[in-house]
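Student: coordinates only, sequence not included:
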C-alpha cells in the first residue's frame, strides 16, 4: 500500500518500517527505468498543479536536479 500522509509516516516509523514518499517513488521509478525523464517531470508537475500535494520551491528544484542528473546517467 502507498500512502503519503504525515501521521501514517510517523506510525510506520514507530513500527520500524521503511518510509518512501511520493517523490521518492517517482525517483525510484526513474532510476529503475520504469519511467523516463519526461514522465517523471510530468508526474511531478501534475502533483504540484493538479492536486493538493505541497512542496517547497527549494525541494521542487532539488527533485528536478535529481531527475536531470539521473537521466544523464543513462
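Tutor: Good, I have the coordinates. A quick note: this is a predicted structure, and the numbers were derived from the prediction, not measured. Numbers count the residues shown, from 1 in each chain.

Student: for residue 35, helix, strand, or coil?
Tutor: Of the three states, residue 35 takes coil according to DSSP: H, G, I helix; E, B strand; the rest coil.

Student: pLDDT below threshold where in this protein?
Tutor: Along the chain, segments meeting pLDDT under 70 span 1-4, 71, 74.

Student: which stretches of it form strands?
Tutor: With DSSP state E, there are no strands along the chain.

Student: which non-adjacent residue is nearest the spatially most central residue of the chain?
Tutor: Centroid check for the chain by CA atoms, centre = their mean gives residue 23 as the closest residue, at 0.9 Å. Residue nearest to residue 23 in three dimensions, not counting chain neighbours: residue 63, with 5.7 Å by CB to CB, 6 or more residues apart in numbering. Yep, even glycine has a C-beta here, placed from its N, CA and C like the rest.

Student: for that neighbour, what are its contacts?
Tutor: Taking CB atoms under 8 Å, 6 or more residues apart in numbering, we find residue 63 in contact with 23, 26-27, 44, 55.

Student: so which of these is the most crowded?
Tutor: Ranked by the number of neighbours (other CB atoms under 10 Å), these place residue 26 first, at 22 neighbours.
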